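*Asks:* Any chance you can model this:
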Amino acid sequence: MYDLLVIGGLGVDVRVRVPGLPLPVVDSVTVDPIELRIGNTGAGVVLAAHALGLRVAVVDTVGADPAGDLVRAALGRAGVHAVLAEDPAGTRRSVNLVDPAGRRMSLHDPRASDGPGPFTAAHLATLVQDAAHVHLSIMGWVRGLLPGLGDVLGEGVGSSTDLHDWDGRNPYHRPFAEVAELVLVSGTALGERAAAVAAALTPRPVLVTRGADGVDLHLGGGVRRVPAATPPGPVVDTNGAGDAFAAGVIAARLRGATWAEAAGYAARVAAAACTHDGMEYPPGLLPRP
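*Replies:* I've put the predicted structure just below:
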């Protein structure tokens with residue numbers, strides 16, 4: 001039995017520290033050593049949840065390539081149970097440009113395959129039934145299986161999804177929002193329409209994240225602003241903070257917290273994550289409830 005099963009979202013991040021964002025248009029810029037590490041949203045959630053003491057598992061596709069080897073090695077170091085299928089298109093990857101203040105811009109290469117998904121709904125249903133909570137990453141192969149997972153997720157299994165920079169209109173994201181019990185979404189693209197978009201997704205709770213401005217908890221027709229937490233040290237890298245926030249919400253809810261309590265705790269988790277370079281968190285960095 002697992003506390004959390006993360007479906008989809010593994011990959012690698014190429015981290016590049018840059019002197020500022022946006023970059024100047026020049027032929028070349030000298031930077032600090034460029035590093036390759038496990039990344040992408042599913043890895044961020046599962047590794048943060050593991051650091052918070054949850055029993056975790058992840059199911060996804062990775063390539064038979066050096067990037068895939070890196071992902072497998074990182075999950076092995078953490079002791080995360082992984083059910084992985086080979087993706088002929090290769091392992092997803094992102095280039096993350098990080099400025100001196102820790103802000104980042106991500107260039108994402110999803111490496112989407114044209115073939116059928118590697119798992120059936122029945123296979124995933126078996127894994128889901130062995131978990132207390134399921135987090136759905138917005139991968140293409142996951143989207144195609146959502147209709148077959150809806151009934152299973154409604155049978156006492158908590159669920160969540162992060163729509164990231166959804167604009168509230170793109171139809172690709174909506175099936176994830178309609179299946180999950182909890183929806184997280186960045187307020188960047190939603191802007192002033194955030195309240196209307198969240199209202200359309202009721203009665204499920206919606207957490208609209210706003211970075212240093214905190215998070216808006218939309219619940220039962222009302223909205224509550226939960227402030228961001230103060231990082232316990234210098235901000236090194238904000239990449240993965242949103243995934244750590246999601247893991248914090250899930251961990252707190254599994255331990256009986258209210259939605260507001262869970263969001264407040266998750267803000268502390270995200271702030272601590274910003275003080276670490278990468279998603280392989282050392283013991284004791286992320287605060288326990």
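
*Asks:* ranges for the helices of the stretch 101-250 of the chain?
*Replies:* With DSSP state H, counting those that start in this stretch, the ranges of helices along the stretch 101-250 of the chain come out as 121-128, 140-143, 146-153, 174-179, 194-200, 241-254.

*Asks:* most packed of those helices?
*Replies:* Highest mean neighbour count among those (mean count of other CB atoms under 10 Å): helix 241-254, with a mean of 26. In this view, the C-beta of every residue, glycine as well, is placed from N, C-alpha and C.

*Asks:* Which secondary structure elements does that helix sit against?
*Replies:* The contact analysis (3 or more CB pairs under 8 Å, 6 or more residues apart in numbering; DSSP states H and E) places helix 241-254 against strand 2-7, helix 41-51, strand 131-136, strand 158-162, strand 182-186, strand 206-209, helix 259-273.

*Asks:* so what's the closest residue to A78 other than its chain neighbours up against?
*Replies:* Leaving aside its sequence neighbours, A78 sits nearest to H50 (CB to CB, 6 or more residues apart in numbering; 5.4 Å). For H50, the contact set (CB atoms under 8 Å, 6 or more residues apart in numbering) comprises 56, 78-80.

*Asks:* roughly how far apart are A131 and V14?
*Replies:* From A131 over to V14 the distance is 31 Å, taken as CB to CB, to the nearest Å.

*Asks:* I meant to write W141 there.
*Replies:* 23 Å.

*Asks:* got it, and L21?
*Replies:* Going from L21 to V14 by CB to CB gives 16 Å.

*Asks:* Which of these two has more residues huddled nearby?
*Replies:* V14 (17 against 13; other CB atoms under 10 Å).

*Asks:* Now for the residue nearest to the more buried one when sequence neighbours are not counted, which secondary structure element holds it?
*Replies:* Spatial nearest neighbour of V14, chain neighbours left out: V95 (4.6 Å); criterion: CB to CB, 6+ apart. Using DSSP states H and E, V95 sits in strand 93-98.

*Asks:* Nothing else from me, thank you.
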